[in-house]
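> Next input, structure requested:
(chains A, B, C and D)
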Protein chains: 2
Amino acid sequence: MKCVSEKSEDKIREAAKRVFLKKGFDGTTSRDIAKEADMNIALTNYYFRSKEKLFLEIFKDVLEEYFQNMLAILNKDIDIKAKISELIDHDFEMMKREPDLIIFIMNEIHKSPQRLFPDMSIFRQVRETYLKKQLEEGVANGTLRPMQLENILPLIKCGVEFIFMGREIHKELFQMSDAEFANYAQEQKEHIKAMVCNYLVIG
Amino acid sequence: MKCVSEKSEDKIREAAKRVFLKKGFDGTTSRDIAKEADMNIALTNYYFRSKEKLFLEIFKDVLEEYFQNMLAILNKDIDIKAKISELIDHDFEMMKREPDLIIFIMNEIHKSPQRLFPDMSIFRQVRETYLKKQLEEGVANGTLRPMQLENILPLIKCGVEFIFMGREIHKELFQMSDAEFANYAQEQKEHIKAMVCNYLVIG
DNA sequence: GTATATTTTAAATGCTTGTTTAAATTTATC
DNA sequence: GATAAATTTAAACAAGCATTTAAAATATAC
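Numbers count the residues shown, from 1 in each chain, chains lettered A, B, ... in the order given. Model (predicted):
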């Protein structure tokens, strides 16, 4: 019994994630989700009480998916250049795996931030990583340009995430096919790595 | 008569732009727009035939607003470093003036690209600016790193636009007030200028 | 100032929305 | 294998949606 019920619950959860990521909260109907999960419409409310509750649950998961692995890299005891490279590679792989993830997160938070920041202990964890210590030491001994975490982190993330968020604009603007975009993104990723490292690390 | 009718039409257009930018197409109802314009609900369809048509008209304007001034700067006959600086300053001012603009454009295009690319002659214009020539010359004579327009342009835009798109995340993540964010954005803007110029211009 | 065209209105249209109901079906318990 | 619980179903709910209607109000033209 429990086994079967979890199956249905998970089917809905996974379907909902797919639809929400593609269409956003406002663009998604309960019937969309039921159809994607191939289940009766009443089941979404049977298992999750409301569209809102289902969404909040999924959004929490998605935000953790976004931050969790990144956190591990931020805390690695490796050279800062290697760390930047790994962070960018990780971001890139995530964007390839879930191309709708970043625009979804950005847009939903933009539309109703207060609703989507409940505890967010993950934010504190991001603020207090080993990278922060590395930065402070590097700045102190003059090997790194004077920057703080809030300066360098967005520079690491924005390059890759921006071109994936604006994937369709970039394809249209620069007349690229899907295959061409894939190559372009790869190429751009290496530029970003070099650019950020060159800027942060002095000499 | 015409004077009065244009007044109402424009009132609706301006109200619709405000609401669409804030809530997106899916999150906006015809009643939202009528209320924001302080007009009867039937007037939105009287003047624009449908919510869809009104949206498409506004989206076209918004996209032109985004590209138009940028285009003028791209074609300026000035040093490439000065041009990058000016492009970033212009972007920054635009984001300050219309903080919802960039996430709106990105999200709407992401959700339905085919619907929003009708003629888009503006894209061709962006592709064929003086900056392109400058780049090719600089690369040829070895003063610039070998890059093409599609490589450098996103690097110029992503830094500023990313932090404005993710304004609320950044505020939450780095525990900033509105005022602190304003200072931070300004500071970040200068980092981006320096970083991109340093990377592109050799020596 | 009357006749005509334009603009605005309140009300209603039919459809879709999220959610609920209550009965039917499946599963678990003894 | 009968009883109870959990799951699934079809149908309905009221509320909200974009859009239309037809009458009222206003402006324009002569």
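> What distance do you get for the nearest residue to A:Ile41 once chain neighbours are set aside to A:Glu14?
In this structure, A:Ile41 finds its nearest non-sequential neighbour in A:Ala34, 4.2 Å apart by Cβ to Cβ, 6 or more residues apart in numbering or on different chains. All C-beta spots, glycine's among them, are computed from the backbone N, C-alpha and C. Relative to A:Glu14, A:Ala34 is positioned 13 Å away (criterion: Cβ to Cβ, to the nearest Å).
> Neighbour count: these two, which is higher?
Each of A:Ala34 and A:Glu14 has its neighbours counted (other Cβ atoms under 10 Å in any protein chain shown); A:Ala34 has more, 20 against 13.
> wait, what's in contact with the residue most central in space within chain A?
The centre of chain A sits closest to A:Tyr66, judged by Cα atoms, centre = their mean, with a distance of 3.7 Å. Counting by Cβ atoms under 8 Å, 6 or more residues apart in numbering or on different chains, A:Tyr66 touches A:Met94, A:Leu101, A:Ile102, A:Ile105.
> Let me know the pLDDT of it.
pLDDT recorded at A:Tyr66 is 96.
> my hunch is that it is in a helix, does that hold up?
Yes: assigned with DSSP: H, G, I helix; E, B strand; the rest coil, A:Tyr66 falls within a helix.
> I'd say A:Leu21 and A:Phe104 touch.
Yes: applying Cβ atoms under 8 Å, one finds A:Leu21 in contact with A:Phe104, separated by 5.0 Å.
> So the two - more neighbours on which side?
A direct count of neighbours by other Cβ under 10 Å for A:Leu21 and A:Phe104 places A:Phe104 higher, at 25 against 19.
> Would you tell me which helix is longest in chain A?
Secondary structure of chain A per DSSP state H: the longest helix is helix A:2-27.
> now it: how far from the chain's centre is it?
Centroid separation for helix A:2-27 versus its chain: 19 Å, with Cα atoms, centre = their mean, to the nearest Å.
> tilt between the helix or strand following that helix and helix A:2-27?
The element immediately downstream of helix A:2-27 (helix or strand, assigned by DSSP states H and E) is helix A:30-37. Here the directions of helix A:30-37 and helix A:2-27 differ by 130 degrees (axes from the mean of the first three to the mean of the last three Cα atoms, to 10 degrees).
> which strands and helices sit next to helix A:30-37?
helix A:2-27, helix A:42-48, helix A:51-74 (3 or more Cβ pairs under 8 Å, 6 or more residues apart in numbering or on different chains; DSSP states H and E).
> okay, the ones you listed in a markdown table with distance to DNA strand D next?
Converted to a markdown table, the helices and strands packed on helix A:30-37 look like this (distance: least, Cβ to the nearest atom of the strand, whole Å):
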| stretch | distance to DNA strand D |
| --- | --- |
| helix A:2-27 | 2 |
| helix A:42-48 | 3 |
| helix A:51-74 | 13 |
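> count of neighbours near A:Glu168?
Close neighbours of A:Glu168, defined as other Cβ under 10 Å, add up to 18.
> what do you get for A:Asp10?
If we define neighbours as other Cβ under 10 Å, then A:Asp10 has 12 of them.
> Would you mind measuring from it to A:Ile163?
From A:Asp10 over to A:Ile163 the distance is 33 Å, taken as Cβ to Cβ.
> Need the phi and psi values for A:Phe174.
A:Phe174 adopts backbone torsions of phi -110, psi 10, taken as degrees, to the nearest 10.
> hmm, back to that, what's the closest of the contacts of A:Tyr66 to DNA strand C?
A:Ile105 (20.0 Å; Cβ to the nearest atom of the strand).
> which residue sits closest to A:Ile192, ignoring its sequence neighbours?
According to Cβ to Cβ, 6+ apart, the nearest residue to A:Ile192 is A:Gly159 (3.5 Å).
> Pop the domain breakdown of chain A in here.
What the record gives for chain A is the domain set A:6-49, A:60-200, from automatic domain parsing.
> Would you mind giving me the confidence score for A:Asp119?
Predicted confidence (pLDDT) for A:Asp119: 71.
> which SS state does it fall under?
coil.
> Now do the contacts for it.
Contacts of A:Asp119 by Cβ under 8 Å, 6+ apart: none found.
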